[in-house]
Each structure stands twice: as C-alpha cells, then as structure tokens.
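K.L.:
Build me a structure from this.
(chains A and B)
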Amino acid sequence: MYILPKADVPRLLDAIAARYELFGPVVDPISGDTLFDRASAPSAVRLDAPIPVNTPKFSVFPHFERILTYRYDRASKALDIRREDLVRPKALVGVRSCDLTGLLCFDRFFLGQEFVDEVYRDHRRKMLIVANTCVRPFAQCFCVCTDSGPAAVEGFDVNLTDLGEAFLFETGSDKGRGLASELGLAPAGEHAARDRAAVVNRSIGLFDGQAVENKAWISRAVNRLTTGFVKPETWEYIGQQCFECGACSFVCPSCSCFNVQDAATQAGPTDRLRTWDSCSFEGYSRMAGEHNPRRPIEDRRNKRFFCKLSYSQSKKYLRPGCVGCGRCARVCPGDIGLPNVVTAIRREITEPKP
Amino acid sequence: MNEPNPAVITTVPTPAVIEEIRPEIEDVRTCYFRFEDPEIEKSFAVRSGQFVMCTVFGAGEFAVSLPWSPEGDRRHLSVRAVGKVTGALARLAPGDKIGIRGPFGNGFPFEAIKGKNIIYVAGGIGIIPLRSSIVHVLLHRPEFGRLILLYGARAPQDLMYRDKIEEWRRTEGFETHITIDRPRPGWTGETGFVHTLIEKAKVPVENTVAFVCGPPIMFNAVIKELSARGLRDDCIISTLERHMKCGIGKCQHCAIGRTLVCTDGPVFTYKQIKTLGEQI
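P.N.:
From the prediction side, this is the model:
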C-alpha cells in the first residue's frame, strides 16, 4: 500500500492517459450529472464526483458495436470478411466497487463458460482498472446487501481510498505496482489499514437509513426465486408495472444480453452489429414466422429477476447478478427496480392475505 | 480464462459454396455446400443433433439444425423460407457463398441408447433434425432393436425428403409409417394425425427410446400418447429451437428458464423439457 497525495492525482492521470484511452467519472456541465465516460482530458476525471448515472460497462460491451464487416459481390462471388481489432488499451479510473463487481460478473460470464467471447476478450485485455472506494452512496444504493461494496476487494490494478489529504493507493497487480514505482509513491504508514477501515465503516454507516429494508431479504429472495416459490400474483403485479422500456437492463452493471444484426448498405460493405438488448422487449424471443414462446409481459419480466438473483445464474457469475448499485430503482418508471421486487417478495412471505 | 476451442468456429463465419439446390416442398429447399477452405472442408466435424449458424451475406444469420449425418453423407441444410434471412437464402443460387459458424450444441446421445428400440416421430419439417440420427442408426443397424419411423405431414406435397423416404421404405428392418392429415385424391396411404400411428404401428415401450420433433401441437399429442402407453419421460428425446444470435451461450436469446438451448441443448429429454419452467 502506498500514499498518493491529492496534489499528485494529475500526475497519476497523466501517466495513465499517456498509455491508455482514459475513461472515468466526468461531470456534464449542463445537467450536472456525473457520467462515466471517455475523458476529454485527464483533468476532466473527477474522483470526488458522485456515483455516475451510467455504468462503465459500455467500455467492454459497447451499446452498439461493429463486430465484423464483410463485402460480398454476387456477380463475381468475391467475398471479403474482416474482423478488425480496433480496440485500444483502455483505463477505467475511479470505478466504484459495484460497477467493478459487474465487470467481474461479465468476466466470468464472457470468458469463463464453455466458449470465450472473443469480442469481449479483445476489449478486456490490456485494460487498466483503478477503483475508488465509495464514500458517498446514492439514496437507492444497497451494495452492502449484495456483498459488492463499498470497497473493492478484487479485480483492480489499483484501488484508491480517500483519506482526506491523500488517497491510499492499494495495488492489486504488477501493473498497479509499476504505476506506484513510476510515480515514486511513498509506502503507506502503519496506520493505513486502520484509516482505510475507518473510511469504509463510515461509508457503511451512511447506508443505515436507506438500505435496511433489503439487508436481510436479498438472500430470502434468492431462496424463493431459486425454489420457485414466488407466487404468480407477485409476477403478475410486476408485469403490470413494467413499461417494457428496457431502462433497467441498460443501466445494470451485470446485464449483458445483446442482439446481432447485419446492416447492409447499397454499395458498400455490410456491418455485423452487436447491440444492447433487453429481455423485457416483446421481440426478444420472437422467432421467424412470428412464433413467440414468451408473450405475456409477466412471463418475460420475471426473467430479469431470475437472472439477477437465482442460484442457477449465480453459478455463472460466482455471486448474485445484482451488485446493489440501485440504478434500476432510479430509472424504472414503473417503480419495480430490484429493491422493490425484493420487497414484493418479502411482503408475500410476511404479510398475511386479507 | 478458457482457451478458445479450435474445433468450433465461434466468431467469424467461414465461407462455403452452394453446390446444388433441390426444392423439397413448398418454401423448403435443400442446399448442398462445401467449405471454400480445403482444410476446413476436411476438419469440420459435427455430431448428429448439433446446429450451425448460417450467414446469408447481406441479410444476416440464422440458427439451423443439421440434417446431414457425419458419416458418409453430403453436407447440406434444409431450410424453410419463413423470415428475412431464410427468405434471402431462398434467393441464392448454386455458386453463391454462405457463411458457417459452429458446430454448436450437444447432439444426440447415441451411446446411451445402444441396444434399444428406436422410434422416430416427426411432423412436417420436424424430420429435418431427425434425418441425421436416422442415417446414423441405419448405418449401425445391428446395435439397435426395432427401428420405426412415424412421419406425418399435412398433405402428400408436404412430405420432405421423398427420395430418402422411398429408400427407407425399402430398407429391411426399418418399419416406416407415413400419414397425411386428411384423405386426398390419389393418396392411398394412411390418413390422420401422426400420433394416431403410434397405436397402428404397435410401438413397443419396453427398452425403447422415442425421438420426437414437430410443431408444438403435434409434439404435445405425441407425448401424451407415448406417455399413456408407458414410455418414460427420460426415454423421449427432442430437439428445441429458439431465436438465437450467437450460438455460444452469450446473447441469452435462447434462454428457456435459465437453460440455454444453444449450449445446454438443443437436444433434451422430455424429462428435462418439463423442468425448464417455460413453454417450449
């Protein structure tokens, strides 16, 4: 562990930007929102900004990405297929532990199952991750209930913790240790671990007033979902509330469903595009010939919650899919973000029917 | 991180040339093809029951089950023109190129069914994925007990693979029963839905495995009839299809419950199908 004086943060960001495409929390001057985005300049990265409204997942799983391009001329039968590796090494700086946990879910899902997803792998390799211990949760945050915060424990090259005058600079890889020596950082003193624990505990304390509802119930919801004991009425209620807008999927750090389409142009090449998709969309499971095995919304809507909380999906992520960032609760127009679904499942257990 | 499996083409479709196209029934054609790369032509090995992702350049990609048997059979796909991409395939001609990724999925469990009676029950183009299994079993005829094919279609002109079926009818030790939904002028064979053949063919249930494939309504009627006769759920084998985008377990479009048809299937026993938690 090292100490990074706050005055040296620009040096750190410059050193990273020299070698990587730099992404981090930036503040939008018009809306005032914090966005996780490509930094226009190293100085645009704001390590003290509130949690970004979006997740960094687009850096490894873009909203919209060309994964292949080809040109086929029917007259001459000439075919040219290319898969260019345009991915430059990226650095994600100031990643909160919830979002980092989402990336770890992605790693286990895209790289660790039967097949490796080569498109994802190309984004992920060569990447540098500088995490930032979360000292200011959103009102909707509940990472303390999903074992994914407020401080990262794995998956980072560097983890920063704001100690006031300076950041504690923990290294998690050779790349991180290399940065520390390049910047000539002084080793942290003997109180570093205690100071870090104090910051994390203060942060956990901030959840007291906001996440108590969920704390004990996530694991019960996992249990009920996995064993199939959620009542049909509960799913029907959730289905009725759903606007099928897909916002929950798009803001979720661990949602990774995608669609693939070939986009042809009149004369030029065809691009094979991979785009974000959501299981709430009616066309998600529709097959050619209009056969759709999942038609009613309640039939589709519960899939998301199985994905986030069921044991079978947790086996793929080696943890629950929900990372407790609370963004779905922020964006859902139907008020059925994950915490409220957990509450609905809790109610059916605890409240007697009239 | 797992290493990519070199035997499977996962990301970039490999070019193949259509050599011949045969019309089968209305809207269904069989395309015979070979891979452009002689190395892949030699090494591309499939298991009966698997599927590939087929690219029609300029239109897109679709998942398609394999009708050809890995042993002594020409590579081909039989496809109904039903959507945008399969419709574009239907407009291609011999000499045109397509792209193939795969093979994907688990395949039929031939080792586990050695020594058993085998019943194939197919409805309409449901015979396409079963074709490779039938070819395999006939090549290894002594390893199996009674062999029965029950095949039904709406009308005589809806019967697939007519040459092959004619060959199977003449094959000694292969009991073939073919039916069309209702009597038609000139049709002298059986009439009625395919599940009614189960009674007529006096199919065995002891030491027996049934392969069933067809539209959901036919599937349910056949299962009901086989179950009523005492065939166990784990002795009924089918292959499922879904809207698929990747074939490698990532896009999640083919999820039924938490099961993925592409990597956990597409071949399932009825016992497994019943636990998927969604309609098939």
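K.L.:
Tell me, how many residues neighbour the closest residue to A:G155 other than its chain neighbours?
P.N.:
With sequence-adjacent residues excluded and distances taken as Cβ to Cβ, 6 or more residues apart in numbering or on different chains, A:G155 is closest to A:L104, at 4.8 Å. C-beta here means a position set from N, CA and C on the backbone, and glycine is covered the same way. For A:L104, the count of nearby residues is 21 (other Cβ atoms under 10 Å in any protein chain shown).
K.L.:
can you check A:D80 too?
P.N.:
Neighbours of A:D80 using other Cβ under 10 Å come to 11.
K.L.:
my read is it is in a helix, agree?
P.N.:
No - according to DSSP: H, G, I helix; E, B strand; the rest coil, A:D80 belongs to no helix; its state is strand.
K.L.:
roughly how far apart are it and chain B?
P.N.:
Plainly put, A:D80 is 10 Å away from chain B if you go by Cβ to the nearest Cβ, to the nearest Å.
K.L.:
Settle this for me: that residue is touching A:G268, isn't it.
P.N.:
No - assessed by Cβ atoms under 8 Å, A:D80 is found out of contact with A:G268, at 11.7 Å.
K.L.:
Give me the common contacts of the two.
P.N.:
Common contacts of A:D80 and A:G268 (Cβ atoms under 8 Å, 6 or more residues apart in numbering or on different chains): A:R71.
K.L.:
Skipping adjacent residues, who's closest to the residue in the stretch 201-350 of chain A positioned nearest to chain B in space?
P.N.:
Relative to chain B, the nearest point of the stretch 201-350 of chain A is A:A288 (2.9 Å; Cβ to the nearest Cβ). Nearest non-adjacent residue to A:A288, counting by Cβ to Cβ, 6+ apart: B:G83, 2.9 Å away.
K.L.:
ok, the one you found - contacts?
P.N.:
Contacts for B:G83 (Cβ under 8 Å, 6+ apart) come out as A:M287, A:A288, A:G289, B:F62.
K.L.:
Please tell me the pLDDT value assigned to it.
P.N.:
As predicted, B:G83 sits at a pLDDT of 90.
K.L.:
Same question for the one 10 residues further on.
P.N.:
The pLDDT attached to B:A93 in the predicted structure is 96.
K.L.:
Could you give the backbone dihedrals for it?
P.N.:
phi -130, psi 170 (degrees, to the nearest 10).
K.L.:
Can you classify the closest residue to chain B within the stretch 101-250 of chain A as helix, strand or coil?
P.N.:
Closest to chain B within the stretch 101-250 of chain A is A:F115: 3.7 Å, counting by Cβ to the nearest Cβ. With three-state DSSP as the basis, A:F115 sits in coil.
K.L.:
For it, which non-adjacent residue is closest in space?
P.N.:
Distances taken as Cβ to Cβ, 6+ apart place B:I248 nearest to A:F115, at 3.7 Å, with adjacent residues excluded.
K.L.:
residue contacts, that neighbour?
P.N.:
B:I248 makes contact with A:E114, A:F115, A:D117, B:T10, B:F104, B:C262, B:T263, according to Cβ under 8 Å, 6+ apart.
K.L.:
And what about it, helix, strand or coil?
P.N.:
coil.
K.L.:
looking at chain B, which helix or strand does the model trust least?
P.N.:
For chain B, counting by mean pLDDT, DSSP states H and E, strand B:255-256 ranks last in confidence among helices and strands (a mean of 88).
K.L.:
for whatever helix or strand comes next after it, what is the average pLDDT?
P.N.:
On the C-terminal side of strand B:255-256, the nearest following helix or strand under DSSP states H and E is strand B:259-260. Taken as a whole, strand B:259-260 has a mean pLDDT of 90.
K.L.:
ok, the nearest residue in space to A:R19 that is not next to it in sequence to A:V323 distance?
P.N.:
The shortest distance from A:R19 to any non-neighbouring residue, by Cβ to Cβ, 6+ apart, is to A:P89 (6.8 Å). According to Cβ to Cβ, to the nearest Å, A:P89 stands 25 Å off from A:V323.
K.L.:
The two: which has the busier surroundings?
P.N.:
For A:P89 versus A:V323, neighbours defined as other Cβ under 10 Å are more numerous around A:V323 (31 against 12).
K.L.:
The residue nearest to A:R19 reaches A:L22, doesn't it?
P.N.:
No - if you go by Cβ under 8 Å, A:P89 and A:L22 don't touch, sitting 10.4 Å apart.
K.L.:
residues contacting B:R229?
P.N.:
B:I198, B:V203, B:V205 are the contacts of B:R229 under Cβ under 8 Å, 6+ apart.
K.L.:
out of those, which is most surrounded?
P.N.:
Highest neighbour count within the contacts of B:R229: B:I198, with 24 neighbours (other Cβ under 10 Å).
K.L.:
which one is that one nearest to, not counting chain neighbours?
P.N.:
Sequence neighbours aside, B:E225 is the residue nearest to B:I198 in space, at 4.8 Å (criterion: Cβ to Cβ, 6+ apart).
K.L.:
Phi and psi next, for that neighbour.
P.N.:
B:E225 adopts backbone torsions of phi -70, psi -40, taken as degrees, to the nearest 10.
K.L.:
Enumerate every residue touching it.
P.N.:
Contacts of B:E225 (Cβ under 8 Å, 6+ apart): B:H195, B:I198, B:E199.
K.L.:
ditto for A:L13
P.N.:
A:L22, A:A39, A:P42, A:S43, A:V45, A:V93.
K.L.:
all helices in the chain, in order from the N-terminus.
P.N.:
In the absence of a named chain, chain A is used. Ranges of helices in chain A, per DSSP state H, are A:9-19, A:97-111, A:118-124, A:174-182, A:192-206, A:212-215, A:218-227, A:232-241, A:247-251, A:297-309, A:311-317, A:327-331, A:338-350.
K.L.:
Oops, wrong one, chain B.
P.N.:
Applying DSSP H to chain B gives helices spanning B:38-43, B:84-90, B:127-139, B:162-169, B:196-200, B:216-228, B:261-264, B:270-274.
K.L.:
what's the spacing between the residue of the stretch 1-150 of chain B found nearest chain A and B:E61?
P.N.:
Across the stretch 1-150 of chain B, the shortest distance to chain A (Cβ to the nearest Cβ) belongs to B:G83, at 2.9 Å. To B:E61, B:G83 is 12 Å away according to Cβ to Cβ.
K.L.:
Over to A:E114?
P.N.:
20 Å.
K.L.:
next one: B:F108
P.N.:
For B:F108 relative to B:E61 (Cβ to Cβ), the value is 24 Å.
K.L.:
Ok, B:G115 next?
P.N.:
Taking Cβ to Cβ, one finds B:G115 at 39 Å from B:E61.
K.L.:
What about A:A193, how many residues nearby?
P.N.:
Quick note: A:A193 (other Cβ under 10 Å) scores 13 neighbours.
K.L.:
how about the nearest residue to it once chain neighbours are set aside, what does it touch?
P.N.:
Of all residues not flanking A:A193 in the chain, A:M1 sits nearest, at 7.5 Å (Cβ to Cβ, 6+ apart). By Cβ under 8 Å, 6+ apart, the contact list for A:M1 reads A:L168, A:F169, A:E170, A:T171, A:P187, A:A188, A:A192, A:A193.
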